[in-house]
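[1] Next input, structure requested:
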Amino acid sequence: MYNPNSAIERVKNHLAYKLGQAMIDFTNNGGGSIALFKKLYKIKKQHKKEQKIYQQTIQIFPQLKYPSLETCGDYEQALRYKFHLSYMLGEVLIKADKTWHKGSGFKLKNDIKKANKEFQIFREIFKEFDQINSSILEGLINNKQLFLKEFPRIKNILKIHQDYKAILDNIFHNFNYFIQNFDLIEEWLLSDDFNERYKKGSHPYPSLLDPKKLNDENEKINYKNIPAELAWEMNLPLPDRYEFIMVLKGCSGHTAFSYFLLWSGYSPSIFRTCNLALKDPNVYYINKYQDLIFFWNYKNILVFEHGMEPKHQDGLKLFYLVLLNKDIYILTRDPLSRLKTWANHIIDDYVSLDTEFSLDYDFSQGFKWIKYAFGGDKVDLNQFVYSGPITNESMSVDSFISKINYNKIFYIDFHEIYPEGMLDVFKYFKDNYNFPIIQNMDFFQYSLGGSEGYLFAIPRILNIYENCDNYKIFFFSSLRLYFVKIKNIDIRYTLFPIHNDMQKKLIDISKYFINKKYYKDFFIAMSQVEFEKLYQNSYLFDKVKIYIQHLCKNIDKQINLENEKKIKEKDILLFLR
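    Residues are numbered from 1 along each chain as shown. Next comes the predicted model:
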């Protein structure tokens with residue numbers, strides 16, 4: 001009885017292996033043909049009997065079902081047994097048995113010779129290349145005849161690039177795809193362009209396909225029909241559908257600048273799929289690949305947040321597949337000013353008991369939903385400095401720049417993205433990268449953060465109950481929602497899911513309840529149906545208006561209180577003295 005947890009023993013128990021082994025024993029030990037056929041028939045009959053008993057057993061005792069071969073510790077070694085002469089001869093015998101009525105017996109001798117020849121080919125491959133793993137073996141098994149048909153050409157490719165380990169690793173890692181698309185890949189790997197672009201400089205992440213052809217929609221295989229996950233595995237550079245790369249850093253105005261890019265149309269994908277601060281290069285690549293496909297006919301700026309890549313094992317790979325020969329712009333700010341903003345950061349998504357409130361709720365004692373990232377209701381510099389995320393890497397761009405070899409690097413100072421400066425920045429982009437002129441500059445009047453904006457970083461909801469009717473009034477940070485409200489921009493990823501609902505269902509009712517001075521900081525929204533109903537109830541409408549105006553006065557008081565709490569650059573210097 002063999003061990004069911006051993007993949008090798010189970011493969012050796014396959015009918016093909018047992019038949020082939022019997023044939024080899026016959027060849028080595030001699031004996032008549034009739035004796036051989038009797039032996040093979042007996043093995044086949046016994047194998048069927050064992051299979052029948054096994055199936056009957058697991059019907060009664062399902063817990064006795066063998067684990068899948070893939071889960072066995074010796075799975076990779078077991079796959080190699082399928083390339084043993086025993087197994088390959090057995091496959092020939094099984095095929096001949098199934099097609100005996102078609103005269104396969106007359107071809108059996110030639111098929112056996114062919115199997116011996118194929119065995120020698122595979123043995124040569126396994127001996128020469130140590131990169132053979134389970135996925136490659138599976139690819140060979142699934143595409144055996146195609147591989148054998150193209151073996152001389154495949155062998156030539158492997159020999160030509162035998163000293164370029166990176167491309168050999170790529171080939172073997174994607175061996176199934178390599179075999180199935182061999183003509184296209186062969187043309188690329190033998191081209192002068194591949195040699196100049198990758199092999200000559202020993203590029204560590206050579207592309208398995210020609211990027212120029214992939215960017216051509218008329219090609220049979222192009223970026224649009226290759227899954228992003230597979231593209232990453234094959235080291236394909238991102239689709240060449242972006243003009244340059246913008247590197248943003250936290251607390252340097254990066255969020256405001258991101259919204260400016262979205263508004264201008266210069267980076268329509270910026271919030272579509274992923275958080276800028278993703279820590280996994282693989283996920284970042286896949287999301288951006290999909291974004292660039294989705295916005296294929298748009299001009300794009302690829303936004304890249306510094307700090308997400310260096311420590312990850314795939315960080316360097318991301319650099320090579322994303323940076324290419326694009327210009328790089330880095331948003332910078334005085335380090336001490338960054339620390340000040342960082343220390344004063346209010347948690348965007350903090351939810352407290354008064355995140356939703358009623359007309360009876362009294363805010364005169366302050367807002368309970370404000371919580372600082374370092375310290376709770378006020379900033380704790382000790383916690384910020386000694387327990388916070390401050391590192392040389394987070395404060396400096398040196399580690400990022402050290403990995404850049406061929407790109408031009410430009411810097412944009414924090415003060416250049418103030419409203420008056422942004423006009424010059426956008427004009428520069430227009431002149432140098434042919435971006436469109438920005439016609440509507442209304443968004444400059446809105447505040448992204450500040451104390452007021454962060455009071456409503458996530459929607460706060462005023463619940464109103466009146467005679468079994470329920471009304472919900474939403475308070476939103478202005479700039480975050482302004483784009484959705486005015487431009488009807490499809491944002492797949494946002495910090496807060498309610499944003500997408502706002503786009504579809506809610507209307508801005510700010511002018512009915514609050515002073516215009518607050519518009520730049522937050523606005524109020526309601527469903528149109530609920531608002532029309534509330535508007536018809538003049539008593540309740542006036543009551544709500546008075547409450548909201550009183551709320552605004554408390555907001556002013558809270559803002560003054562929060563401003564007094566804020567840490568200044570001087571406080572940080574004194575603490576570090």
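[2] chain center to the longest strand anywhere in the chain, what's the gap?
    For the chain, the longest strand by residue count, based on DSSP state E, is strand 469-477. From the chain centre to the centre of strand 469-477 is a distance of 35 Å (CA atoms, centre = their mean, to the nearest Å).
[3] name the helices or strands packed onto that strand?
    On a contact count with 3 or more CB pairs under 8 Å, 6 or more residues apart in numbering; DSSP states H and E, strand 469-477 meets helix 450-455, strand 460-466, helix 498-505, strand 522-527, helix 528-536. C-beta coordinates here come from the backbone N, C-alpha and C atoms, glycine included.
[4] what about dumping the CA coordinates of it to CSV?
    Listed next in CSV are the C-alpha coordinates belonging to strand 469-477 (Å, rounded to 0.1, in the frame of the first residue of the first chain):
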residue,chain,number,x,y,z
ASP,A,469,-41.2,61.4,8.7
ASN,A,470,-37.4,61.1,8.7
TYR,A,471,-35.0,63.7,7.0
LYS,A,472,-31.3,63.4,6.8
ILE,A,473,-29.1,66.4,6.2
PHE,A,474,-25.4,65.7,5.4
PHE,A,475,-22.6,68.1,6.2
PHE,A,476,-19.6,67.6,3.8
SER,A,477,-16.1,68.9,3.5
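[5] For it, list every residue counted as buried.
    Tyr471, Ile473, Phe474, Phe475, Phe476, Ser477 (16 or more other CB atoms under 10 Å).
[6] TSV for these, including distance to Tyr284 and pLDDT?
    Formatted as TSV, those follow (distance: CB to CB, whole Å; pLDDT from 0 to 100):
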residue	distance to Tyr284	pLDDT
Tyr471	42	94
Ile473	38	91
Phe474	32	85
Phe475	33	83
Phe476	28	76
Ser477	26	70
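[7] shaky segments in the stretch 201-350 of the chain?
    Scanning the stretch 201-350 of the chain for pLDDT under 70 picks out 271-278, 306-311, 348-350.
[8] where does the residue positioned nearest the centre of the chain land in three-state SS?
    Closest to where the C-alpha atoms of the chain average out (CA atoms, centre = their mean) is Val283, at 2.1 Å. Three-state call for Val283 (DSSP: H, G, I helix; E, B strand; the rest coil): helix.
[9] Now Lys543: closest residue in space, sequence neighbours ignored.
    With sequence-adjacent residues excluded and distances taken as CB to CB, 6 or more residues apart in numbering, Lys543 is closest to Leu359, at 6.9 Å.
[10] where along the stretch 1-150 of the chain do the helices fall?
    7-12, 15-29, 33-60, 75-80, 85-98, 108-128, 134-142, 144-149 (DSSP state H, counting those that start in this stretch).
[11] and Asn344, which of these is closest to it?
    With respect to Asn344, and counting by CB to CB, the nearest of the helices of the stretch 1-150 of the chain is helix 134-142 at 50.3 Å.
[12] So for the closest one, what gets flagged as buried?
    Ile136, Leu137, Glu138, Gly139, Leu140.
[13] ok, the residue nearest to the centre of the chain to Leu64 distance?
    From Val283 across to Leu64, the span is 41 Å (CB to CB, to the nearest Å).
[14] What of Val247?
    58 Å.
[15] Which of these two has more residues huddled nearby?
    More neighbours surround Val247 than the other of Val247 and Leu64, with 24 against 10 (other CB atoms under 10 Å).
[16] Nearest to Lys545 among the buried residues of strand 469-477?
    Using CB to CB, Ile473 comes nearest to Lys545 of the buried residues of strand 469-477, at 10.8 Å.
[17] Please name the nearest non-neighbouring residue to the closest one.
    For Ile473, the closest residue by CB to CB, 6+ apart turns out to be Leu462, at 4.2 Å.
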